[in-house]
Each structure stands twice: as structure tokens, then as C-alpha cells.
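Novice: pasting a predicted model and its sequence here:
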Amino acid sequence: MEQRKSDREAATGAPEQPLAAATARAAVERADGQPVPAAAANGGAAAGGDEKDAADFLKKKAAMTGRAGGAYIPPFRLARMMAEIDDKNSTAAQKLSWEALRKSLNGLINKVNAPNIKELLPELFQENLLRGRGLFCQAIMKAQLASPTFSPLYAALVSVVNTKFLELGELLLHRVIAQFKRAYKRNDKPITIAAAKFLAHLINQGVVHEVLALEMLILLLENPSDDSVEMAVDFCKEVGAYLQDVAPAGLHSVFERFRAILHEGAIDKRCQYMIEGLFAVRKAGFAASGYPAVKPELDLVEDEDQITHEMSLDDKHDPQAVLNVFREDPEYELHEQQYKAIVKEVLGDDEEEEEAGGEHASNDGSEEEEPDEEQQQQDIEDATGTDVVNLRRTIYLTIMSSLDFEEAGHKLMKIQLAPGQEGEIPIMIIECCSQEKTFVRYYALLGARFCHIKKEFQATFEDCFAKQYAIIHRLETNKLRNVAKLFAHLLASDAISWGVLGCIRLTEDDTTSSSRIFIKYLFQELSEYLGVVKLNERLAEPSLQQYFTGIFPTDTMANMRFSINFFTSIGLGGITDRQRELYKQYRPGSVAEREREGERERARSLFVSRYGEACSWVLCF
């Protein structure tokens, strides 16, 4: 060891200094840029004192410059250093505040996540983002590169900041695009993938125009290789849902290029399978396959509030790296005051609401009646019917997405209905049934289930029967048939009362062609469910006769004949036996009645002589 030490001294021409003294001397030279004093360069007995002086100088230099040279300065000590400086506009104070700004931005960005992003945004705006825009972009790009899976989160954060400070959004886009181009030229696959994913979600958030996405896809697929095709597939999955909405023609051309690459077969089998998977994702829907443009919890900015930057890969992108380092600001305090005014304007509404809430809480003890009055005034009633529309949409989607009526009934019973909204479920069941091309028994079974569950639903279906019959002339034949068969099933299963038939009056003057078709399908369906014998027994029940006087009228011979001929023409003449007997026993009681009957008989005879006996019942219409 002594021999090696003497050899080094002979080679350098000077005795070897202790390692600590040499390190301190080098550090002092780097910090000051001035020659080291001779006393610090000498070895021997004075080395211990020089080391102590150098260490003290390094500590002072670290406090002044914010660069600790590897030493950690606790936050409380850094705050104490800033408090000891009287002149806040001095270089030392600006350096310390710059260091605090850098640490604060790094901390906020590192702890942001989807649940707390809304709470962290006010804290982020409290920092001077205009002064530290370079630090902000550097921190968020570093965090995104370390965790590319959180790219949607960082893109949502940037989208909010971009609405308030355009400079930050523009600077970040320049840096990310420059990073993508540089990594692509260097064939640095991890950085290229991370930058492309970040740009994809910035496009989804509307921070940058969608033309950039098409340019990136053209660049990746112009000279396809295994890596470029793989990156293009991943990028297209991320941005495909957004392009499908805003630029479907451009997305179609991209997929045509993918199809051409697949047919050429020049790439690896694994990449070919990835392209086939991309086509499957497109067919099933990007959002349904797990690739939505923006997740609901990250949709923080309205479309009309977002400001979109138009940038291209061919533009010159200056990253402005000089913004990452400290520069002295001669008007530091003025700029700080200006930024505070901007932040107050941005966050002023929230502060005013908090102050108003505090004043309201302080007056609760003295005035007890005022809060109740104000609360009554604040209750807003939605007269636009938006809640009803949303409820009907939910009911419709639940009915259409269920496999059978039992599953649909179970899901519909879980829907929270406000008082008075119970009638929306029967209304939507009838509406969905009427929209089908042919009658689907699924809706009849679902309606019967609800009628047996609660009397409120049964009463609603009975009311709907009367309302549907009143407006039956507005329905098309297909809808009319479906509605008639639905109510026929409810009547046959005793889900609703037969008393609903009391609203029907089967006469020449009280019916139209639509109402007669409705009655025809209704009774034909009842005969199929019950049979003519059981149907006749049900119609003969004494307790229900008061409701059937309109269907089987007995007031005049003309009305009786009209009803008998109608049911005979639809193949249900067996249910009119009682009417036929009454018709035979009927005798007109007045001369006017006999005259009218004579005229009808003469008209009938004339019609039969021309068109035949089979068409004689048409006279009743």
C-alpha cells in the first residue's frame, strides 16, 4: 500500500490529499468558479480545518442555490431558510421558492388518482403554474412515462389545466410530440409506445385535434414492420372510439390499410392476429370492448369549454428546455401578485360559496325560521319532464336487455320510483309491445306478473285500457293488433278486471273501423285462450252484466242486429245466442220505430239482391 501511494505521488508530483478535502475542494471550485485558496490546497495539519470550512461553505451554497449536492434538506428547514430571508425579491429567495414549487408539483402529480383528481385541482392551481410551466410538463411527462397505464388520468388533468392556461397545454403537446418523433427515429419502442398512448388520450380529451392521430397512424403504417404495426394497433384501440365519432371516414381508411397489410402477409403471425383482434374490437364496438374514449369519472370538461390545439407531426416542435431551470425574475413579486389575481378569478366562485356558507352557519342561532324559508325557496321543481324521460329510458333498456319476463320483472322492481311514478312501468310495457312487428307473449306475461304483484299496477293497466280504446283510431293496424292481444291475455289470466269492457259500445254510430278491428282481435284472442264455451260462460256471469251492455246492446233492434252480425262475421256467433233470443222476442213499440225497421229491411233486401246474402251484415257498418 505504501509503495502504491508513493508511486501515485511520484506520478502527480504532489503528496496525496485526504479524500474528503479533495472532494470539498472540487465542490468549491464548481460552485464559485474561482481558484481554491492556497490554504485549502495544502495538506498536512491544516487539512482538518480546511475540510470544516469547505463543508460549511457547501451548506450555505446549498441553501442559496437550492442544489444540495446529494444532501436532503427537510421541508421545515427549507421553510425556515425562506423565512430568514428578508428580501423576497432577492435571488436567494427566488431560488428557494423555485425549489419549493418543483417539489410541490412533483408531489401533487404523483398522488393524483381518479377519486381525488377533483380535490387536487384547486391545490394545483394554487401553485404558480405560469412560472413553473416547464416543471409541470416535466413532472407530468415523467410520471406518465413511469406509469403509461395512468395516461387517461394525466390527460384528464391536462385537459382541465388547458382550459385555464393555454400555454401549459401547448408546451406539453410540443414536448410530447417531440418525444414521440425522437423516440420513433431512434427505434426506442417503450418511449414511443408511452408517448403515443399519452397523445391518444390527449386527443380523446379534445386537447389536440384528431388530425394528429391520423398522421401518426399513417406514419406507423407507411412502412409496416412488426413493431410499427403493433404500436399502430395499440394506438388505434385507444383512439378508435373518438375517431369513430368525429372522423369515421379517416378511421375507415386506416382500417383499409390494416386490411391490405393483413392480406400482404409480410408481417409476423403474432401481428396478424393483433390486426384480426382489432377488427373484432371495431365490430363489437370500442366502448363495449373496454376501450372508451373517455371514462365517465374522467370526463371533467364540457365540450364547449375545451380548447383544442391544432398541431401536426410536420410542425417544428420546440420543447423549450430552458423553462426547466431557474432564471432570476426582476419583477418576481409583481408576477406573483398577478398570478394570485388569476387564481382568485379561476377559483373565486368556490371561495365565495364557502364564505356564504360560513355566514349562513353563523346566523343559524339568531334566526331559526329563515333557513327553512330559504330552503323552501331553493327547492326547484323540474317542469321539463327530464326525470320522467330518464326513467322511461331506464325501463325500456331493462325490458329489452332481459332474457325472460321473470328477470325483467325482478330488475324493474329494483328501480327506485318516486311517488306517482308507478304508472310508468305499465305504460312502457304497452308501448314496447306496440312497437314490435308481431305480438310477443313476453310483454303479456310481464304485464300479468306486475298486475298480480300490486294493485296499483293493476289499476294502471285498467286505466290504460280505457285510454288506449279512446285513441285507438290513431294507431296503425300492427300496433292495434299487438295492444289488443296484450289486453286479451291480461283478461284471460284475470290480471285485470273484465269491467274494463264497459268502455266499449258496439253500435254503428259509436264505433269506427279501427275500434271494430280492435274488438275483433280482442275477442278472437280471448276465444283462443279460453275457448268459446268458457268465454260464453264468463260473458254470462250475472255480476258482470252491467259492463257488457255496451258490447251486447239491447236498447234497439238496429244495435242488437249490428252486434249479432259483427260477432257472426268474425266467427264468434256462439256468444250472441242470448241476443238472438231477445231479438226474436223484440217488438217495436212505436210507429217511428216500425218505419225505420221497414226502411232497413228494404235496404237490406236491395243490397242482398245485388251482392248476395253473405255480405248483408256490412249494412250494419
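Specialist: Sure thing, it's come through.
Novice: separation between residue 473 and residue 426?
Specialist: Computed with CB to CB, to the nearest Å, the distance linking residue 473 and residue 426 is 22 Å. To be clear about C-beta, it is placed using only N, CA and C from the backbone, and glycine gets the same treatment.
Novice: those two: which is more packed in?
Specialist: Comparing residue 473 with residue 426 by other CB atoms under 10 Å, the one with more neighbours is residue 426, at 22 against 12.
Novice: with adjacent residues omitted, what lies nearest to the more buried one?
Specialist: Leaving aside its sequence neighbours, residue 426 sits nearest to residue 460 (CB to CB, 6 or more residues apart in numbering; 4.4 Å).
Novice: in the chain, where is pLDDT below threshold?
Specialist: Within the chain, the segments meeting pLDDT under 70 span 1-73, 75-76, 78-79, 82-88, 348-385, 586-598, 601-602, 604-621.
Novice: the residue nearest to residue 154 when sequence neighbours are not counted: how many residues sit nearby?
Specialist: Using CB to CB, 6+ apart and skipping the chain neighbours, the partner closest in space to residue 154 is residue 144 (4.9 Å). By other CB under 10 Å, the residues close to residue 144 number 23.
Novice: who are the contact partners of residue 144?
Specialist: 150-151, 154, 194, 198 (CB atoms under 8 Å, 6 or more residues apart in numbering).
Novice: make TSV from those residues and add distance to residue 412 to it.
Specialist: Converted to TSV, these look like this (distance: CB to CB, whole Å):
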residue	distance to residue 412
150	39
151	39
154	41
194	46
198	43
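Novice: could I get the residues you listed as TSV with distance to residue 284, neighbour count and secondary structure?
Specialist: Output for the contacts of residue 144, formatted as TSV (distance: CB to CB, whole Å; neighbours: other CB atoms under 10 Å; DSSP: H, G, I helix; E, B strand; the rest coil):
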residue	distance to residue 284	neighbour count	secondary structure
150	26	17	helix
151	23	22	helix
154	28	22	helix
194	27	22	helix
198	26	27	helix
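Novice: tell me the SS of the closest residue to residue 265 other than its chain neighbours?
Specialist: Using CB to CB, 6+ apart and skipping the chain neighbours, the partner closest in space to residue 265 is residue 272 (7.3 Å). Under DSSP: H, G, I helix; E, B strand; the rest coil, residue 272 falls in the helix class.
Novice: surely residue 272 meets residue 264?
Specialist: No. Taking contacts as CB atoms under 8 Å, residue 272 lies outside contact range of residue 264: 10.0 Å.
Novice: these two - which one has more neighbours?
Specialist: A count of neighbours by other CB under 10 Å puts residue 272 above the other of residue 272 and residue 264, at 16 against 10.
Novice: and that one, how far is that from residue 262?
Specialist: According to CB to CB, residue 272 and residue 262 sit 6 Å apart.
Novice: common neighbours of the two, please.
Specialist: Joint contacts of residue 272 and residue 262 (CB under 8 Å, 6+ apart) do not exist.
Novice: make sure residue 112 is actually in contact with residue 156.
Specialist: No. With contacts counted by CB under 8 Å, residue 112 stays clear of residue 156, the gap being 9.4 Å.
Novice: who's more crowded, the two?
Specialist: For the pair residue 112 and residue 156, the greater number of neighbours falls to residue 156 (26 against 22), based on other CB under 10 Å.
Novice: secondary structure element holding the residue nearest to residue 154?
Specialist: helix 133-146 (DSSP states H and E).
Novice: who's in contact with stretch 542-557?
Specialist: Counting by CB under 8 Å, 6+ apart, 498-507, 519, 538-539, 559-560, 562-563, 576, 578-579, 582-583, 586, 588, 593, 597 sit against stretch 542-557.
Novice: run the last query once more with 7 Å
Specialist: Stretch 542-557 has contacts (CB atoms under 7 Å, 6 or more residues apart in numbering) with 498-499, 501-502, 504-507, 539, 559-560, 563, 579, 582-583, 586, 588, 597.
Novice: quick one: the strands in the stretch 151-300 of the chain?
Specialist: In the stretch 151-300 of the chain, no strands are found when defined by DSSP state E, counting those that start in this stretch.
Novice: end-to-end on stretch 562-577?
Specialist: Taking CA to CA, to the nearest Å, the first and last residues of stretch 562-577 lie 14 Å apart.
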